[in-house]
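>>> Fold the following, please.
(chains A and B)
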Amino acid sequence: MTKIMTLVQASSRDLYILVGVVFVLALLPLGVSPFLLSVGTSVLIFALAGVGWNVLSGFAGQFSFGHAAYFGLGSYTVAILLTKYSISPWIGLIAGGFVAAIFGLLVGWVSFRFGLKGAYFALATFAVAEMLRLTFNSIDYFGAGIGITIPLVDGDDWARIQFSDTRALHYWFALGLLAVSIVAVIAIKRSRIGSYMFAVREDEDAASALGIDPLRTKLIAISISGFITALAGGYFTLFFLFIDPDVVFGPLVSVAILLRPIVGGVGTIWGPVVGAAILSLLGELTRTLVREPPAFLSFLEGANGLDQVLFGFILIVMIIRAPDGVLGWFRRKREKGTE
Amino acid sequence: MTTILDVQGVSKSFGGLKAVFEVSIDLEDGEILGIIGPNGAGKTTLFNMISGAIPADSGSITFDTTRIEHMKPHDIAGLGLVRTFQVVKPFAGLTIHENVLVGAFLRRQDPNEADEQAHKMMELTGLTPYAERSAQDVTLAIRKRLELARALATDPKVLLLDEVLAGLTPTEGVEMIDVVRSIRDSGVSVLIIEHVMAAIMALSDRIAVIHHGELLAIGVPASIVKDPRVVEAYLGEEFQIAPD
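Here you go, the predicted model:
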């Protein structure tokens, strides 16, 4: 109990922000269209996946280009346990987290043990995710290329985490998962292991000279990271009710996961959430612009795919202007202001 | 006095070059032992072997009662033998405070206790005014002190200091010498490599001279400066001990 109190004191700023953000986000579903609600839920799921990615790549500095591996393992664990063994997704979500954490330990042990760093580690993670995608594509037990469909249940079923009547519950549930994960990340940032992750990210030699085991630190980071990202993957299954290897293990999933924290601010608590919000707003904006452009841009109307080009263009400008993310950009502005 | 660090006949070759050859030194509990020698004499290689950064080809290194010559750097640091780097290695993306906190966590799980320790060490090394500055925006003198503060925060029994005075102005150097003295007075034994001759003569209880990878002489400063081999090989002329 005293430990909890010290954490609350020490991280009060982050926790206040969390309470505020959760409060505002929780009110959002009231009165919005089912479509927007669904977009919002999906934003939360990918923000959650980004929070996980950020622990390994932002905190411990080991850039992962294959977090689809953990996302997919979470998805499939929930799906398999539910459809084949009728095991509640409450257990499935946690089990998926552990499967991903153990898998992360394995991947981490092999790659960190042999000193993979930077681009080489990133490539290894990419290869691992592709390997999983191809494996799941060819094994019948996992539904092979056809994928797995979760049978729809009527009404709101808390045991199966399916909310056909009250779609907003899905949104709130995802928000709850995100909030819990952010509390965990705030605790990590303040604790010894968080401090060690930062040290290993900045300089491994200096870290080990201070008694830190870099391998152990990275292994802890990759397993926590895998766990959180798997929660997102598991919830993705419950929300979309259909998964196949391309949808959850595909390279685009890895990119989607890492893009959010990078746009928001790598290694910060709020980067993944800010990034997820900005990217989805940007996506919706460019889509609307092409679908219903204002009069002076009428030539854009119906130009299919142009929204993606526009999205990509704005993204490039953003990353050039704010290489350390939107939050980093704000911090630099503020520091300039005070000096 | 008891021996806290005992290095016996360690050698290290890089290809055909014998960087360190059969060097034996011992550090007494509570002592400051200076290591001097020209550039390339093998001082930093010796440090790297003691701290576990590179393995010794032969010889033994005993810390307290533990043989450490095959241990990894982080395990050696965990025992209480902690080094600083000649080329400073700050955690550039962190603040001074966060840097020192990393060291403080080695013997403390509780963030508040670690925080308290970090503040104590920053106070001791004069870093308190810079606590919230980023480690990449401070002068070399501050980064040198940071290197020291971070190592101290781990509660070491023995500190290996690799040229903490290099690159400092005379005034900064004097301040640093005072800090090293107060560290020793707090019960930490110090093994220090240094180029600034006046400083190390005044600071050290004993001096070890290394030349071409071999131990030339070891003894109190007064006898070292009179040793004809040392004079010939390194000092070049008789050296006057700086007044304290």
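>>> which residues does residue 54 contact?
Chain wasn't specified; assuming chain A. Residues in contact with A:Asn54, defined by C-beta atoms under 8 Å, 6 or more residues apart in numbering or on different chains, are A:Val185, A:Ser225, A:Pro261, A:Val266, A:Gly267, A:Thr268, A:Gly271, A:Pro272. The C-beta positions use only the backbone N, C-alpha and C, and glycine is treated the same way.
>>> That was the other one, I meant chain B.
Contacts of B:Ile54 by C-beta under 8 Å, 6+ apart are B:Lys12, B:Thr45, B:Asn48.
>>> ok, of these, which one's closest to chain A?
B:Asn48 (10.5 Å; C-beta to the nearest C-beta).
>>> Need the per-residue pLDDT for the closest one.
Note on B:Asn48: pLDDT of 93.
>>> same check, this time on the one 10 residues further on
Here the pLDDT value assigned to B:Ser58 is 93.
>>> Quick check: beta-bridge partners of it?
B:Ser11 (DSSP bridges).
>>> Name all residues that make contact with it.
B:Ser58 touches B:Gly9, B:Val10, B:Ser11, counting by C-beta under 8 Å, 6+ apart.
>>> now the helices: where do they sit in chain B?
B:43-51, B:73-79, B:96-104, B:111-124, B:140-152, B:170-185, B:197-203, B:221-224, B:228-230 (DSSP state H).
>>> Can you tell me which of these is packed in deepest?
helix B:96-104 (a mean of 27; mean count of other C-beta atoms under 10 Å in any protein chain shown).
>>> Now do it against helix B:111-124, angle only.
110 degrees (axes from the mean of the first three to the mean of the last three C-alpha atoms, to 10 degrees).
>>> Need the residues that contact helix B:96-104.
Identification of contacts with helix B:96-104 by C-beta under 8 Å, 6+ apart yields A:195-196, A:198-199, A:207, A:210, A:212, B:90-91, B:94, B:113-115, B:117-119, B:121-122, B:127, B:130-135, B:138, B:142, B:146, B:149-154.
>>> Skipping its backbone neighbours, what lies nearest residue 209 in space?
Picked chain A for this. The spatially closest residue to A:Ala209, leaving aside those adjacent along the chain, is B:Arg83, at 5.4 Å (C-beta to C-beta, 6 or more residues apart in numbering or on different chains).
>>> You answered for a different chain; I wanted chain B.
Nearest residue to B:Val209 in three dimensions, chain neighbours excluded: B:Leu216, at 4.3 Å (C-beta to C-beta, 6+ apart).
>>> Look up how far chain A lies from that neighbour.
When distance is defined by C-beta to the nearest C-beta, to the nearest Å, B:Leu216 is 28 Å away from chain A.
>>> what's near enough to touch that residue?
Contacts of B:Leu216 by C-beta under 8 Å, 6+ apart are B:Gly37, B:Val209, B:Ile210, B:Asp227, B:Arg229, B:Val230, B:Ala233, B:Tyr234.
>>> For A:Ile182, grab phi and psi.
phi -70, psi -40 (degrees, to the nearest 10).
>>> does the closest residue to it other than its chain neighbours sit in a helix or strand, and which one?
Excluding the flanking residues, the one nearest A:Ile182 by C-beta to C-beta, 6+ apart is A:Leu18, at 5.7 Å. Assigned by DSSP states H and E, A:Leu18 belongs to helix A:12-27.
>>> show me where the stretch 51-200 of chain A has strands.
Along the stretch 51-200 of chain A, counting by DSSP state E, counting those that start in this stretch, strands occupy A:148-149, A:156-157, A:162-163.
>>> and chain B, which residues reach chain A?
Proximity of chain B to chain A is confined to B:51, B:53, B:72-75, B:77-78, B:82-85, B:89-94, B:98, B:101-103, B:105-106, B:108-112, B:114, B:150-151, B:154 under the rule C-beta under 8 Å from any C-beta of the partner chain.
>>> Would you mind measuring from the residue nearest to A:Ile182 to chain B?
For A:Leu18, the distance to chain B - C-beta to the nearest C-beta - is 18 Å.
>>> got it, and A:Asp165?
45 Å.
>>> Check B:Glu238 and give its pLDDT.
Note on B:Glu238: pLDDT of 50.
>>> Look up the closest residue to the residue positioned nearest the centre of chain B, ignoring the ones flanking it.
The centre of chain B sits closest to B:Leu161, judged by C-alpha atoms, centre = their mean, with a distance of 1.5 Å. Counting by C-beta to C-beta, 6+ apart, B:Leu161 lies nearest to B:Ile192, which is 4.3 Å off, once chain neighbours are set aside.
>>> thinking that neighbour is in contact with B:Val164, fair?
Yes: the criterion here is C-beta atoms under 8 Å, and B:Ile192 meets it with B:Val164 at 7.3 Å.
>>> Name the residues contacting each of those two.
In contact with both B:Ile192 and B:Val164: B:Val180, using C-beta under 8 Å, 6+ apart.
>>> Looking at these two, which is more packed in?
The neighbour count for B:Ile192 versus B:Val164, taken as other C-beta atoms under 10 Å in any protein chain shown, is higher for B:Val164 (27 against 24).
>>> Identify the residues contacting that one.
With C-beta under 8 Å, 6+ apart, B:Val164 has these contacts: B:Thr84, B:Lys144, B:Glu147, B:Leu148, B:Met176, B:Val180, B:Ile192, B:Glu194.
>>> again with A:Ala199
By C-beta under 8 Å, 6+ apart, the neighbours of A:Ala199 are A:Ala206, A:Ala207, A:Leu210, A:Ile212, A:Thr217, B:Phe91, B:Leu94, B:Val102.
>>> related to what we said a few turns ago, what is the burial count for the residue nearest to A:Ala209?
For B:Arg83, using other C-beta under 10 Å, the count is 26.
>>> surely it meets B:Arg150?
No: using C-beta under 8 Å, B:Arg83 is not in contact with B:Arg150; the gap is 10.8 Å.
>>> nearest residue to B:Arg67 other than its sequence neighbours?
B:Ser60 (6.2 Å).
>>> My read is that that neighbour contacts B:Glu69, right?
Yes: if you go by C-beta under 8 Å, B:Ser60 and B:Glu69 touch, sitting 5.7 Å apart.
>>> From the contact counts, what lies against the helix or strand hosting A:Val274?
Using DSSP H and E, A:Val274 maps to helix A:271-291. Secondary-structure packing of helix A:271-291 (3 or more C-beta pairs under 8 Å, 6 or more residues apart in numbering or on different chains; DSSP states H and E): helix A:34-54, helix A:251-264, helix A:306-321, helix A:325-338.
>>> For A:Val273, give its distance to chain B.
Look at A:Val273 and chain B: by C-beta to the nearest C-beta, they are 21 Å apart.
>>> No further questions, thank you.
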